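In: okay, sequence plus prediction incoming.
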Amino acid sequence: MGQKRVIVTGATDGIGLITARRIAESGASVGLVARNAEKGAQVVETLKRQTANPDIQFFKADLSKLEEVRTVAAEISVANPKLDTLVNNAGAMFVGKQMSADGFEMTFALNHLSVFLLTNLLKDQLMAADQGRVVTVASVAHRGSDLNFADLDGQKGSYSAWRAYQRSKLANILFTRELADRWKETRVTANCLHPGFVASRFGENNNAAFSAFFKLGKLFAISPEKGAETSVHLASAESVAGETGGYYIKKKRVQPSRAARNAETAKRLWTESLRMAGLDA
């Protein structure tokens, strides 16, 4: 079988960090992707000490920028000709409307487009594995949301941070559904999950009032260790080998919203995402 090779995005904080640590404890080679190189280097050294696993490395990328997604995908490909698991964990919510370097609404750019592009760019590496896995952190927040293809990333009209986040998490589930369908003849599986409301630094990149709301909510939140359990399960458990297209909560496959089960919406999102990410050529 050989040593497993795993990439975790957003891996210097919260459930991404715990996911990376737990996987490293199993002896796998783990690559961490995040935007802060200094913090990344510190996390790598800490994880090496904690896990006694020397095979941990850092890849720097601001995943909201498609050019940096392409660059880091190339770096990951060189380091990992075979990739057993890609954990798409990076994500955020922005209280004020921001635009990405590529001209997309920031939440949509980071939470969906980067996931879509990075996964597609690492297709050959995932297919080179005995049984590649794509694990994407979605959210129960997708419920009550729908996609408007006349304004897919929500640039028009008034901005709502929560609606933008809901839309991006719905996109994560629809992406997983369509990825599983398109790659069904391969050995690569695709699943997504809701981690629970986790006491992490999520939401703290916003203004004081918004950050205070999240800090108050953390009084009722689960720990990052608990929140990472389903990510780790989908990334490594033998019991889900071969399972694909699923949405999981507390390590159990459950039904997402009706909008998240719409096959036509999933196909259309894929086509639009190809265009937005510059892959349609």
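Out: Great, that's in hand.
In: the residue lying closest to A171 once chain neighbours are set aside: what's it in contact with?
Out: Of all residues not flanking A171 in the chain, H112 sits nearest, at 4.0 Å (CB to CB, 6 or more residues apart in numbering). The way it works is simple: take the backbone N, C-alpha and C, and place the C-beta from them, glycine included. Contact partners of H112, counting by CB atoms under 8 Å, 6 or more residues apart in numbering, are 168, 171-172, 175, 273.
In: do that again at 10 Å, thanks
Out: Taking CB atoms under 10 Å, 6 or more residues apart in numbering, we find H112 in contact with 88, 91, 104, 136, 152-153, 167-172, 174-175, 269, 273, 276-277.
In: got phi/psi on it?
Out: Main-chain torsions, H112, degrees, to the nearest 10: phi -120, psi -60.
In: if we can go back for a sec, can you flag the buried ones in the contacts of H112?
Out: The neighbour-count test (16 or more other CB atoms under 10 Å) marks 88, 91, 104, 136, 152-153, 167-172, 174-175, 269, 273, 276-277 as buried among the contacts of H112.
In: and the residue minimising distance to the centre of the chain, what are its bridge partners?
Out: Geometric centre of the chain, nearest residue: N88, 2.4 Å, by CA atoms, centre = their mean. Going by DSSP bridges, N88 is paired in beta bridges with T136.
In: what's downstream of the least confident helix or strand in the chain by mean pLDDT, the next helix or strand?
Out: None of the helices or strands of the chain scores lower by mean pLDDT, DSSP states H and E than helix 208-217, at a mean of 46. Using DSSP states H and E, the next helix or strand after helix 208-217 towards the C-terminus is helix 224-227.
In: and for L117, the neighbour number?
Out: 22 (other CB atoms under 10 Å).
In: please name the nearest non-neighbouring residue to it.
Out: Excluding its sequence neighbours, the residue lying closest to L117 (CB to CB, 6+ apart) is A277, at 4.4 Å.
In: hmm, the one you found is touching F116, no?
Out: Yes. A277 is within contact range of F116, at 5.8 Å (criterion: CB atoms under 10 Å).
In: before we move on, back to that, which of the contacts of H112 fall in strands?
Out: 88, 136 (DSSP state E).
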